[in-house]
Structure formats: C-alpha cells, structure tokens
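K.L.:
Predicted model and sequence below, questions to follow.
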Amino acid sequence: MKIPTFRIIGILILMGGAQFLKAQPTQGDIDNYVVGLTSDFNQYMNFYITPALKGLGYGFNNGWYNTARPHKSFGFDLTISANAAYVPTIDQSFTFVPDNYQVLDLTDDPSLDDNFPTLMGGTTTNEVRSYLIKGDPQSPFIEGPILDGILEDLPINASAVPSPIIQLGVGIYKKTEVKVRWVPTIQNSGGLEYQYFGLGVMHSISQWIPVMKNVKFLDVSGFVGFTNIDLTYKLDSDPDLNPLDNQVANFGVNTITYEVVGSATFSVFTGFVGIGFDNFKTNLNLNGDYYIRIPGVADRLAIKDPVALNVDGSGFRATAGVRLKLAIFTLHGAYTLQEYNTLNVGFGFSFR
C-alpha cells in the first residue's frame, strides 16, 4: 500500500494548504465543521474499509474441515491453512456523492471524477475539498488527496483478503470431533495485543442412518464453528501529523458458520462438499485524540475517537474441495461460493 494505513488520519483530514478569508471564522462555524468532518470521515472510511472487513469475516469462516468423517476417540489432526476471500469488482470502488457529505466535496478539476477506490481497489489521482461552510462560495477550504487501494501491491493483481488458520481437531465420543483455533495472547512493547480463539464441533449424521452407516466410503456430518479475534494496536505518535500519544486502533472479528458436510473417500483421496449459512461481525475503531486543520484557521484542533465502523454480513455458502492423505500427512484445497468467494489451501498431520 503506497500510503501507510495509520497515516489515514493525516491524509484524509486534509493537512494540506488552505485558502483563507480575511474575516476570522466564528466559533460556531468551527464547531459545526468539526462535527461535520467527523461524520464525513466515518462515512468515507465506511466505504473505504468495508470490503476488507467483509473479506476477513468471510475468510475466517472457512477452513474448518477437509472431510466429513470425524476422528475416532483420541484421534487428532493439526492443520495450517490460508484463506483468500475475493473482493468483487463492484466493491473495489465506490461513487463519492457530495450531497451525502456535510463538509467534503469534489474539486473543480474537470480531469478528476467521483469514482473513488476502496482499500481493495486500485490507485487514483482524485482529490477532495473540505469546506468550512459547504455551499458558501467564499468559504475557505482545504484540498488534499484521497486514499489509494492496495490492488496493485497484491499478488497476481487479484483483490483478495487473506486470513491464516491454525487449527487442532480432536475426536472425543460417538464420532464427534472438537476443533480448536487458538493463538496465545500476544503482547509487545510496541503496544500490540492480539487474541485469537475459535471453537467448532463436527458430529456424524450418517452413523444414525441405517443405510448410510454401512457405506464405508461415504460420510455426512453436521458442523458449527465460531471464531473470535481481537487486536489492539497503539499508534506511533507523529510530530508532524499527530504528536498526541493516546491513539489506539481496535479491530475485531466474530464469525459463526452452520453447515452440513459430506465426503467420499477412495484410497488416499477424499472429495468433500458442504452447504450452510455464515454470519459475521467485524469492527474497526480509532480511539484517542487526533489533530486536524480547520479551513481559515492557523491553529490545529483535536478531535476525539474519529472512527467507529461496524460491518455485519451473512448468507448461504456452498463449498467443494479435495484432500490428499499420505500416511499421516495431508494436503487439501477447497473453494467456497458466497458473496466473497473464498479459496482455502493448507496442509496438516492427521492420526486415527
């Protein structure tokens, strides 16, 4: 990404030069501007960030299984895999509608347009203006660039949101398997705290169906799983943009999936399919105080907690994949059809 993520505040709140009026803006004008800019910034960031948050939600709901056959009691597997949730073209950009914003507007440059990239889109030369009093032709304004997307920096120029998975599955009783996703809480002196936990349960349905339980190569199971991720990161202070030191980014993902899974095993190969329903919630918050420029005012002011985004999603899903098992070593790949189609590939070790 050409613009570091945590310099978003400095760029979008427009730290560039301003046109000034001879008359000093009133306190009421300034107060209205701060309220309007905070609202506009949230709206812009909602369009910009949402595809990435949705991609993470869909991604972390994948990779739970590569067979419908639960482990025998005390059997287990360790799987490491990666998801890539593909962002549709329609979500790689959005149309900036000036009437929906209180202080932000397009520039007068006829070579620019109102098609803005999202985080998962391409680059742009577009700019926006931030007016102290929008609609007043004499109002001072600040003009600056908008954010580029990261599409050109991604492998094979494909807009996909990655999500890594580390998972342990353990057979317990009556062809029931518990799957755990867990990473020990990570904390460092740089202000990063990361928590990752998931739990899933697979239970054999075919064992209760007289005809199916005698067909040894076929398995049908029910599955439910959830994942919870929380990340907190203390932003580095910047003497030029934001010298304040209380700025924190909070990010969270909560997912749950319900599925019926079927598989057929022939020698070392297993083909598997699944159909079900996904639900997820993601959020991104920038908390703390951040300096902004006020058009027509020489001094900067601080705004508090400028970003609070919540993105929900749900929908039906269908998965198809294949697994190769050589002794205890496994390789697998799967593709899920959903709003953001998702590829999952990985390897692991499986016993019993």
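P.N.:
Sure, I can see it. Remember, predicted model here, so these are calculated numbers, not experimental data.
K.L.:
can you count the residues close to Asp31?
P.N.:
Number of residues near Asp31 (other Cβ atoms under 10 Å) recorded here: 11. Using the backbone N, CA and C atoms, a C-beta is placed for each residue, glycine as well.
K.L.:
do you know how far it is from Trp182?
P.N.:
47 Å (Cβ to Cβ, to the nearest Å).
K.L.:
One more: Asn83?
P.N.:
For Asn83, the distance to Trp182 - Cβ to Cβ - is 17 Å.
K.L.:
With neighbour numbers in mind, choose between the two.
P.N.:
Taking neighbours as other Cβ under 10 Å, Asn83 and Trp182 compare with Asn83 leading, 25 against 13.
K.L.:
in what helix or strand does the more buried one lie?
P.N.:
Secondary structure from DSSP states H and E places Asn83 in strand 76-86.
K.L.:
which residues are in contact with that strand?
P.N.:
Strand 76-86 has contacts (Cβ atoms under 8 Å, 6 or more residues apart in numbering) with 54-56, 58-60, 62-63, 66, 71, 158-171, 330, 332, 340-352.
K.L.:
tell me which residues in that strand are buried?
P.N.:
76-77, 79, 81, 83-86 (16 or more other Cβ atoms under 10 Å).
K.L.:
likewise stretch 202-213?
P.N.:
Under 16+ other Cβ under 10 Å, the buried positions of stretch 202-213 are 202-206.
K.L.:
In terms of distance to Ala320, which of these ranks first?
P.N.:
Nearest to Ala320, judged by Cβ to Cβ, of those is Met202 at 17.4 Å.
K.L.:
Any idea what the closest one is bridged to?
P.N.:
Glu177, Phe223 (DSSP bridges).
K.L.:
how about the residue nearest to Asn66 when sequence neighbours are not counted, secondary structure?
P.N.:
Nearest in space to Asn66, with sequence neighbours left out and distances taken as Cβ to Cβ, 6 or more residues apart in numbering, is His332 at 3.9 Å. Three-state assignment for His332 (DSSP: H, G, I helix; E, B strand; the rest coil): strand.
K.L.:
who touches His332 in this structure?
P.N.:
Counting by Cβ under 8 Å, 6+ apart, His332 makes contact with 66, 79, 81, 321-324, 344-348.
K.L.:
now Glu152
P.N.:
Taking Cβ under 8 Å, 6+ apart as the test, what Glu152 contacts is 122-123.
K.L.:
now the one 3 residues further on
P.N.:
Taking Cβ under 8 Å, 6+ apart as the definition of contact, Pro155 has no neighbours.
K.L.:
how about low-confidence regions in the chain?
P.N.:
Along the chain, segments meeting pLDDT under 70 span 1-23, 189-190, 237-244.
K.L.:
tell me the angle of the lengthiest helix in it relative to strand 76-86?
P.N.:
If you go by DSSP state H, the chain has its longest helix at helix 27-60. Interaxial angle, helix 27-60 versus strand 76-86 (axes from the mean of the first three to the mean of the last three Cα atoms, to 10 degrees): 130 degrees.
K.L.:
Okay, buried residues for helix 27-60 please.
P.N.:
Those would be 29-30, 32-34, 36-38, 40-41, 43-60, for helix 27-60 by 16+ other Cβ under 10 Å.
K.L.:
Quick check on Tyr173: phi, psi?
P.N.:
Dihedral angles phi and psi of Tyr173 (degrees, to the nearest 10) take the values phi -160, psi 140.
K.L.:
Need the nearest residue in space to it, chain neighbours excluded.
P.N.:
Nearest one to Tyr173, counting by Cβ to Cβ, 6+ apart, is Ser73 at 6.0 Å.
K.L.:
SS state for that neighbour?
P.N.:
Following three-state DSSP, the label given to Ser73 is coil.
K.L.:
separation between it and Tyr258?
P.N.:
Per Cβ to Cβ, Ser73 is found 25 Å from Tyr258.
K.L.:
Strands along the stretch 51-200 of the chain, start to end?
P.N.:
76-86, 93-95, 104-106, 115-117, 127-131, 141-145, 160-171, 176-187, 192-204 (DSSP state E, counting those that start in this stretch).
K.L.:
Reformat the ones you listed into CSV and put distance to Asn228 next to each item.
P.N.:
Listed next are these as CSV, based on distance: least, Cβ to Cβ, whole Å:
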stretch, distance to Asn228
strand 76-86, 16
strand 93-95, 29
strand 104-106, 35
strand 115-117, 30
strand 127-131, 36
strand 141-145, 36
strand 160-171, 13
strand 176-187, 9
strand 192-204, 5
